[in-house]
Structures are given as C-alpha cells and as structure tokens.
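*Asks:* Pasting the sequence and the predicted model now:
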Amino acid sequence: MRRLNLLIWHIHGSYLNTLARIDHTWYLPVRDGRPEGYGGRGATFDLPPNAVEVPIEQVRNLQLDAIVYQTPKNYTLDAAEILSEAQLRLPSIYLEHNTPKPDAVHERHPVDDPSVLLVHVTQFNQLMWDNGRTPTMVIEHSVAIDPQARYSGTLERGITVINGMQKRPRITGYDIFQQVRGHVPLDAVGMTTDEPEIGGLGDIPYRQLHSRMGAYRLMFSPIRYTSLPLAVVEAMTLGMPVVALATTELPTVIEHGSTGFVSCNIDTLVGCMQELLADPAQARRIGDAARLVARERFSLERFTASWNAALSQVTGVPQGQLNPQPLRLEAGRWA
C-alpha cells in the first residue's frame, strides 16, 4: 500500500480529525501565533501521528504528492506565500465545506480551473454552487468520535452544538434557538456559547464533547443555511435523536418521525422536542434508528474509500494501492 504526502491547512478541526484517519501523511503548516489556518494539530483533538506539523518556512522543502485547499485564502494568498513554484503545479483538490454565499443560486465558485478537483461535502452544495469549468465530486461526511461515548438521554434537556452562533445569527438560527429555548429546556455548546447572552457551556474539547452530548435527551439544530452540520452526524452516530430545520441536505438524512424530526415549522419542532423529553423510550427508538443510518451512510470506511478515489483521480496513483482501512484509536494506540 502506498501512503501519499499531502499538504492541508487546519481550517475545520472536526473534519480534519476524521480526514487524518485516512492513512496518508497530512502535513499541517504552522506559523508563529498559530492564526486561523495555521493551528497545526490543535489542542482539543487527538489526531493520529500521520498528521504532522511543519513550520511554514520548511513547507517548500517537502516532497508532496498533492495539495488540499479549503478556502479562497488558501488557494491564492497562502499558496503563493508558502509553496514553491514546483509545488504550485502539483495536483490539487479544493475541499468546499460551505454553501454558496451571499447568493444561494448564482454564486460562482472561486475556483474555475479544469485541472483542480472540487470536492463538495453534500449533494446540495454541488447542486447550488456554479462550479464553472471545474470538475466536481461529492464526498459526504464521516465522523471519528470517542468510541466509548454512548447515548443515555438521562438529562431531560436538549442540546445545540454550534460555534459562534452570535456571529452568524441568521445562518445559524440564533434567533430560532432563543425562541425555542422559551418552550424547551435547551443548552448550547461551542465557541463563544459561554458568553452572557447565551449562558451556554462554552467550547468543550472535542475528545470530551460526545460523552457530554450523550447525556442529553435530544439534539436541536436551528441552522437555516449551511452544509450538513457535523454535529448532527455525530449525534446520530451516538444514537441520539435529532430535531432540525428541514433545510439544505438535512431532509435527505433524517426521515421525519422515523430517524429524527425535520420541519420548517418551528411550532412543529417544539412539539416534537416536548414529546421526546416526555418519552425517553421514544427518544431511544428514534436514536437507535438514526444510528443505523449513520453507520451505513457516514461510515469511516465509506469516507476513506471516497477520499482515496479522489486522491487517485488527481495523482494518478491507482486506488487499489491506497490503504482502504481507516486508522482507529484502540486502547490508547493507533492501528
């Protein structure tokens, strides 16, 4: 089996935590002060040893097989600053995490290059972006959470997991969260959620997050317009019932009344949450059904195979030569 040498910036920590389980060497550029994109391995994640920090001044000396961009800044400013001329000509993937903004329908993707592979994380995103000449592929999410974390639902409350809700209030549904909290006991987790106007639990380290989540009866996702939230996939993987807005990709993931609850009617969602809070057995049944969906649709094995297909396409290395088995943390050791 061949291991590729890949450069990627630390943009989306939860996604990187899963991506690094694919058995290649993932080089993470770091710089003084560790600003956005240059945070390396990060303090709250347990990344495997194949995620390797590299000072930006040494990036030019790396023998790389491909570059993975994730933001317009990566693709333009960062690349020009830290890559050599030869590295700039390497095969490349642009991993697009987001829905098109500000226009949902007419937005042209910043990459317009037939030599780059544009990877979208949902079918909805691929549909809505104007991808221009750039070839596209969809690789749906997976998550790599603590295998010991379990859903118990013993805490008769709901939980919402979003970073920086106040900074993106309409997109994240901050107003909906505040409205629902007037009818349902609801806590918030994520960066800046411990600020006074929310009074939430703050940024819980990823290695501890899912054990804390699993105690709650349900997850509520008020997000209006974003890619499929990883927190939803994490909750389903735990066996936790999710109540969410029926927007973007979510109606294809959750079947209303069977594997969770989705609606654009806030009163309907409040009623569903109240039912789950009153009936732990129903919450358990819904959560069990959600876990089966997560295991099939969002498995690490499927995610690894999909990414290896993309890497094979851009590098020309046959997919059969790329290890199809994801790395797993077992008894404190990576295998």
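*Replies:* Nice, thanks for sending it over. Numbering: from 1, shown residues only.

*Asks:* for the longest helix anywhere in the chain, which positions count as buried?
*Replies:* As assigned by DSSP state H, the longest helix anywhere in the chain is helix 280-297. For helix 280-297, a neighbour-count test (16 or more other C-beta atoms under 10 Å) marks 283-284, 286-287, 289-291, 293-294 as buried. C-beta: built from backbone N, CA, C; applies to glycine.

*Asks:* following it, which helix or strand comes up?
*Replies:* helix 300-315 (DSSP states H and E).

*Asks:* That following helix: which residues count as buried?
*Replies:* 300, 302-308, 310-312, 314-315.

*Asks:* Which elements pack onto that helix?
*Replies:* Judged by 3 or more C-beta pairs under 8 Å, 6 or more residues apart in numbering; DSSP states H and E, helix 300-315 is in contact with helix 13-19, strand 66-69, strand 92-96, strand 116-120, strand 136-138.

*Asks:* In TSV: those, plus mean pLDDT.
*Replies:* Shown next, in TSV, are the helices and strands packed on helix 300-315 (pLDDT from 0 to 100):
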stretch	mean pLDDT
helix 13-19	96
strand 66-69	98
strand 92-96	98
strand 116-120	98
strand 136-138	98
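
*Asks:* Which among these is found nearest to residue 236?
*Replies:* helix 13-19 (14.4 Å; C-beta to C-beta).

*Asks:* Does anything pack onto the longest helix of the chain? Which helices or strands?
*Replies:* Going by 3+ C-beta pairs under 8 Å, 6+ apart, helix 280-297 lies up against strand 216-221, helix 230-238, helix 266-278.

*Asks:* residues near the residue nearest to residue 154 when sequence neighbours are not counted, how many?
*Replies:* Using C-beta to C-beta, 6 or more residues apart in numbering and skipping the chain neighbours, the partner closest in space to residue 154 is residue 215 (5.8 Å). Using other C-beta atoms under 10 Å, residue 215 has 15 other residues around it.

*Asks:* still on that earlier bit, closest to residue 67 out of the buried residues of helix 300-315?
*Replies:* residue 314 (9.6 Å).

*Asks:* got a list of what residue 106 touches?
*Replies:* residue 130 (C-beta atoms under 8 Å, 6 or more residues apart in numbering).

*Asks:* Use 243 as the first number for this chain going forward.
*Replies:* From this message on, residue numbering opens at 243, which makes the last subject residue 348.

*Asks:* you'd agree it is in a strand?
*Replies:* No. Using DSSP: H, G, I helix; E, B strand; the rest coil, the secondary structure at residue 348 is coil, not a strand.

*Asks:* Pull up the gap between it and residue 372, please.
*Replies:* 7 Å (C-beta to C-beta, to the nearest Å).

*Asks:* if I look at residue 249, how far off is residue 301?
*Replies:* Distance from residue 249 to residue 301, by C-beta to C-beta: 7 Å.

*Asks:* what residues do those two have in common as contacts?
*Replies:* 269, 271, 325, 329.

*Asks:* Wait, the third one touches residue 301, no?
*Replies:* Same thing as residue 325. Yes. If you go by C-beta atoms under 8 Å, residue 325 and residue 301 touch, sitting 6.6 Å apart.

*Asks:* Could you tell me which residues touch both of these two?
*Replies:* With C-beta under 8 Å, 6+ apart as the test, residue 325 and residue 301 both reach residue 249.

*Asks:* all strands for the stretch 343-492 of the chain, in order.
*Replies:* 358-362, 378-380, 397-403, 428-431, 458-463, 484-487 (DSSP state E, counting those that start in this stretch).

*Asks:* okay, those in TSV with mean neighbour count and distance to residue 265 next?
*Replies:* Converted to TSV, the strands of the stretch 343-492 of the chain look like this (neighbours: other C-beta atoms under 10 Å; distance: least, C-beta to C-beta, whole Å):
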stretch	mean neighbour count	distance to residue 265
strand 358-362	23	19
strand 378-380	16	20
strand 397-403	21	28
strand 428-431	21	31
strand 458-463	28	31
strand 484-487	25	31
